[in-house]
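Peer 1: build me a structure from this.
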Amino acid sequence: MNAIILCAGYATRMYPLTENFPKSLLPVAGKPVIDYLMEQLLALEKIEGIHLVTNAIFYDFFEEWSEHWQKFLEKKNVSLQLYDDGSTSNENRLGAAADLDLVLEKLTINSPFFVVAGDNIFLFKTAFFWEKFLEKNCHYVMALPETDPDKLRKTGVLELDENNRIIKLHEKPENPPSELTCPPLYFFQPSAKKHLQEYLHDDEAKDAPGHFVNYLCQKEEVKAFVTEASRLDIGSIESYHAAEEKMSKFKAQQ
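Peer 2: Have a look, this model is predicted:
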């Protein structure tokens, strides 16, 4: 089974911090943002490969970063593969959906896989939900609470039925249908690969991964793990500083 990390964005909203440096490698409480994610991925049951896709500008940064993880990966018998999507600027970026397809095209997908963006710190154990997912036969996403209307208008918001099946994922809705957000952390069955290829053949396909999830839930059953857990989304300089403050306090309390 495989985990795929999406790290090919250019984080233009965080310039100058990210103008010449990848957002996922920015330090938070003494270690890169992505290290929190790597610790979680290495705790996932049955994961054999981690695949990270970035762009041509930041590839070398991730290659250097990956050296630190080799001994931990070997101990867990997990491989780490880096991919360069060939883009060189925000203007010619492929987008998250196409980056995911780039990795999937190189893999034989016959088992469930885990997809996540590399700029989030999840304040819950993803392994718990991964293990629950492995007992199911449909796709799953996370549903996290958010009461701030302004924040809801800037993210993906879920519309669910009474069984927590996704009716629709609304990307940055003006009128949010619920207070449940959908972070870029997805548990996919193997069939998601063919649907992603179909989705990308549409000239109007949008690059945000939430748009693909919305497409997928019109084709197959996609359900949500509804939880009171939270995450830190490093999407702006303000949220980056807030994450630094929160994780530093947490570290000091340990």
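Peer 1: secondary structure element for His211, which one?
Peer 2: helix 209-217 (DSSP states H and E).
Peer 1: just checking, what packs against that helix?
Peer 2: Counting contacts by 3 or more Cβ pairs under 8 Å, 6 or more residues apart in numbering; DSSP states H and E, helix 209-217 is packed against helix 96-104, strand 139-145, strand 166-171, helix 192-200. Backbone N, C-alpha and C define where each C-beta goes, glycine included.
Peer 1: how far off centre is it?
Peer 2: Between the centre of helix 209-217 and the centre of its chain there are 13 Å (Cα atoms, centre = their mean, to the nearest Å).
Peer 1: can you name every helix or strand that the helix or strand that comes right after that helix contacts?
Peer 2: Using DSSP H and E, the helix or strand that follows helix 209-217 in sequence is strand 222-226. Using 3+ Cβ pairs under 8 Å, 6+ apart, the elements in contact with strand 222-226 are helix 126-133, strand 139-145, strand 156-160, strand 166-171.
Peer 1: can you redo the ones you listed as TSV with distance to Phe113?
Peer 2: Listed next are the helices and strands packed on strand 222-226 as TSV, based on distance: least, Cβ to Cβ, whole Å:
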stretch	distance to Phe113
helix 126-133	10
strand 139-145	10
strand 156-160	20
strand 166-171	18
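Peer 1: could you say which one of these comes nearest to Ser89?
Peer 2: Nearest of these to Ser89, taken as Cβ to Cβ: strand 166-171 at 23.3 Å.
Peer 1: so where's the stretch 51-200 of the chain uncertain?
Peer 2: Nowhere does the stretch 51-200 of the chain drop to pLDDT under 70.
Peer 1: my guess is Thr12 contacts Asn90. True?
Peer 2: Yes - with contact defined as Cβ atoms under 8 Å, Thr12 reaches Asn90; the gap is 5.3 Å.
Peer 1: give me the residues contacting stretch 13-26.
Peer 2: With Cβ atoms under 8 Å, 6 or more residues apart in numbering as the test, stretch 13-26 has contacts from 7, 9-12, 32-34, 54, 58, 61-62, 65, 118-119, 234-237, 240.
Peer 1: just the buried residues from those, in PyMOL please.
Peer 2: Here is the PyMOL command that picks out the buried ones among the contacts of stretch 13-26, judged by 16 or more other Cβ atoms under 10 Å:
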select buried, resi 7+9+10+11+32+33+34+54+58+61+62+65+118+119+234+235+240
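Peer 1: of the contacts of stretch 13-26, which belong to strands?
Peer 2: Counting by DSSP state E, the part of these found in strands is 32, 54.
Peer 1: just give me the neighbour total for Leu180.
Peer 2: By other Cβ atoms under 10 Å, the residues close to Leu180 number 21.
Peer 1: and what of Met1?
Peer 2: By other Cβ under 10 Å, 16 other residues sit near Met1.
Peer 1: ok, so what distance separates it from Asn110?
Peer 2: 10 Å (Cβ to Cβ, to the nearest Å).
Peer 1: close enough to count as contact, Lys46 and Leu134?
Peer 2: Yes - at 7.4 Å, Lys46 counts as touching Leu134 under the criterion of Cβ under 8 Å.
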